[in-house]
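Sharing a model prediction with you, sequence too.
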Amino acid sequence: MIQVYEATDVGLVRKGNEDSADVFEPATYVVADGMGGHVAGEVASRMLVDSVRRKLTGTAAIGEDALCEAILAGNQAILESEKDHPDYKGMGTTATVMHIEGNEACWAHVGDSRLYLLRGGEMKRVTRDHSYVEELVAEGTITEAEAKVHPKRNYLTRAVGVQPNLTVDSGHFSLEPQDILILATDGLMKLVEDEEIRQVIESAPGDPAKELVTRALNAGGNDNVTVIVVVYDS
């Protein structure tokens, strides 16, 4: 049995919501955070999500390769759209996609939206941010705390719809009963620490996705925020 919670909000500063998300059968989940300003970011994230749905719906066997191909299809669609709409030039989006088949989860990822796994009280970040500050943290040049306030913290080193030769990260892992998966755009992580995310997931009496969005809004809500929480129990 799988329980799914989903929530999104424009936040308290932005005029429009450039995040997009989708949950569709068979057991596939996707979040995307658009960039490019005004309408373009919203267009890019929506195109990515729609491409993923079209590519995967009806697919007999969905694995890492299929998820990567779906993101690459979205990449191509965005690049093609810019040819017909000059005002879309420079737009792009993050993409984090997960699929569950039996007791196996596979994922594909580009950008700085994230996938977390919460198991036995321990929360692990599954994906790696494709960002300038993440590279600095990996090098040991700055700390995680410094990355949150770094002037280039929003600079992505990889995004969907920006270049034709896109590399997509992917992976897979086995699931255990009571595992919880969290997909979220950076509007959550910029304002809510990982430990608080874990506490909310484990203690929220109602909808944990809505509660996490509320926490982000209470912390300033300076960005769009989107969260999908998947509870695996079989």
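Yep, it's here.

contacts and neighbour counts: CA atoms only from here.
Noted.

What's the first helix or strand after the worst-scoring helix or strand of the chain on mean pLDDT?
When each helix and strand of the chain is scored by mean pLDDT, DSSP states H and E, helix 144-149 comes last, with a mean of 80. Once the chain leaves helix 144-149, the next helix or strand it forms, by DSSP states H and E, is strand 169-174.

could I have the least confident helix or strand of the chain exported to CSV, CA atoms only?
Written as CSV, here are the backbone C-alpha positions of helix 144-149 (Å, rounded to 0.1, in the frame of the first residue of the first chain):
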residue,chain,number,x,y,z
GLU,A,144,26.4,23.4,4.6
ALA,A,145,25.5,26.4,6.8
GLU,A,146,27.6,28.7,4.7
ALA,A,147,26.1,27.3,1.5
LYS,A,148,22.6,28.5,2.6
VAL,A,149,23.7,32.1,2.7
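
and residue 77, that's in a strand?
No. Residue 77: not assigned to a strand; according to DSSP: H, G, I helix; E, B strand; the rest coil it is helix.

What sits closest to it if chain neighbours are left out?
residue 47 (7.2 Å; C-alpha to C-alpha, 6 or more residues apart in numbering).

From residue 132, how far out is that neighbour?
Separation of residue 47 from residue 132 (C-alpha to C-alpha, to the nearest Å): 25 Å.

the more surrounded of the two?
residue 47 (24 against 17; other C-alpha atoms under 10 Å).

Now that one. Its backbone dihedrals?
With angles defined as degrees, to the nearest 10, residue 47 sits at phi -60, psi -40.

Now do the contacts for it.
74, 77, 78 (C-alpha atoms under 8 Å, 6 or more residues apart in numbering).

Repeat that for residue 211.
For residue 211, the contacting residues are 200, 204, by C-alpha under 8 Å, 6+ apart.

Most distant residue from the centre of this protein?
Largest separation from the mean C-alpha position in the chain: residue 84, at 27.3 Å (C-alpha atoms, centre = their mean).

Okay, strands next: where are they in the chain?
2-9, 19-24, 28-35, 92-93, 95-101, 104-110, 114-119, 122-125, 169-174, 180-184, 225-232 (DSSP state E).

re earlier: what is the least confident helix or strand of the chain packed up against?
In terms of contacts (3 or more C-alpha pairs under 8 Å, 6 or more residues apart in numbering; DSSP states H and E), helix 144-149 is packed against helix 132-139.

Low-confidence bits of the chain, can you list those?
Scanning the chain for pLDDT under 70 picks out the ranges 37-38.

can you rerun that using 90?
Within the chain, the ranges that satisfy pLDDT under 90 run 1, 36-39, 58-61, 82-90, 132-155, 204-205, 233-234.

Who are the contact partners of residue 167?
Residue 167 touches residue 110, counting by C-alpha under 8 Å, 6+ apart.

now it: how far from residue 69?
Relative to residue 69, and taking C-alpha to C-alpha, residue 167 is found at 11 Å.
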